[in-house]
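*Asks:* Below: sequence and its predicted model.
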Amino acid sequence: MPELPTLVVVSGPAGSGKTTLAHLLAAAIGCPAVSRDEIKEGMVHATPGFVAGPGDELTRRTLPVFFGVLELLLRAGVTTVAEAAFQDHVWRPRLEPLAALAELRIVQCVAPDQVAFGRQRQRHQDNPVRRAHDDPQGGYDAAGRPVFSRVSLEVPTIEVDTTDGYRPELDQIVAFAGRGRS
């Protein structure tokens, strides 16, 4: 019987470095990276005049598309890196069923609040496709603290500090995420 694929869940507050790390991991492991924000940003192209807002139409449509893509890949036996700000109350109920289709691993990105908040603000200034998201504060409160609740699943988890490079080192993260596969 074939082995289950791996679903590597890369999570963390906005600006914690999760998208960059997810794409690096996917390239190193040799699998696709699926990003919730990138799916929504792609939907904007087919939605003329779209204006982001709390609970907007594209936000509501993105979640089932994101999980549909993940399920399709996992059912086909494809190891996949999934990246999003996986808030526990929203995402855990959708991740739990995927445990029957894949070995789950969680990579939790962290950075000091002021670093992550600064990255988030800079990204909004530099990247016009960020207009797809109604997060001018980027998931941070007025004091620059993240409004974030880590996804809580009983699966192997590693915390990665992205302040300046990666701690632990990228090769260690790849070994964890890829279960030692090369």
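*Replies:* Sure, I can see it. Numbering: from 1, shown residues only.
*Asks:* Quick check: buried residues in the helix or strand of the chain with the lowest mean pLDDT?
*Replies:* In the chain, the helix or strand scored least confidently by mean pLDDT, DSSP states H and E is helix 113-126, which has a mean of 77. Residues D113, V115, A116, F117, R119, Q120, R121, H124 are the ones in helix 113-126 that count as buried (16 or more other Cβ atoms under 10 Å). C-beta here means a position set from N, CA and C on the backbone, and glycine is covered the same way.
*Asks:* Just give me the neighbour total for G49.
*Replies:* By other Cβ atoms under 10 Å, 4 other residues sit near G49.
*Asks:* Show me what the one helix or strand V10 maps to is packed against.
*Replies:* Assigned by DSSP states H and E, V10 belongs to strand 6-11. Applying 3 or more Cβ pairs under 8 Å, 6 or more residues apart in numbering; DSSP states H and E, one finds that strand 6-11 contacts helix 18-29, strand 80-83, strand 103-110.
*Asks:* Export the ones you listed as a markdown table, with columns for mean neighbour count and distance to D171.
*Replies:* Shown next, in a markdown table, are the helices and strands packed on strand 6-11 (neighbours: other Cβ atoms under 10 Å; distance: least, Cβ to Cβ, whole Å):
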| stretch | mean neighbour count | distance to D171 |
| --- | --- | --- |
| helix 18-29 | 20 | 8 |
| strand 80-83 | 26 | 16 |
| strand 103-110 | 20 | 14 |
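*Asks:* State which helix of the chain is the longest.
*Replies:* Across the chain, the longest stretch assigned as helix under DSSP state H is helix 57-75.
*Asks:* Okay, now the unreliable bits of this protein?
*Replies:* For the chain, the stretches flagged by pLDDT under 70 are 1, 123-124, 126-146, 179-182.
*Asks:* how close does P112 sit to T163?
*Replies:* Look at P112 and T163: by Cβ to Cβ, to the nearest Å, they are 6 Å apart.
*Asks:* Same question for S35.
*Replies:* Counting by Cβ to Cβ, the gap from S35 to T163 is 22 Å.
*Asks:* which of the two has more neighbours?
*Replies:* Taking other Cβ under 10 Å, S35 and T163 do not tie; S35 has more neighbours (20 against 13).
*Asks:* And that one, its phi and psi?
*Replies:* phi -110, psi 130 (degrees, to the nearest 10).
*Asks:* Double-check it against T19; I have them as touching.
*Replies:* Yes - counting by Cβ atoms under 8 Å, S35 touches T19, with 5.9 Å between them.
*Asks:* what do the two both touch?
*Replies:* Residues within reach of S35 and of T19 at once, by Cβ atoms under 8 Å, 6 or more residues apart in numbering, are E83.
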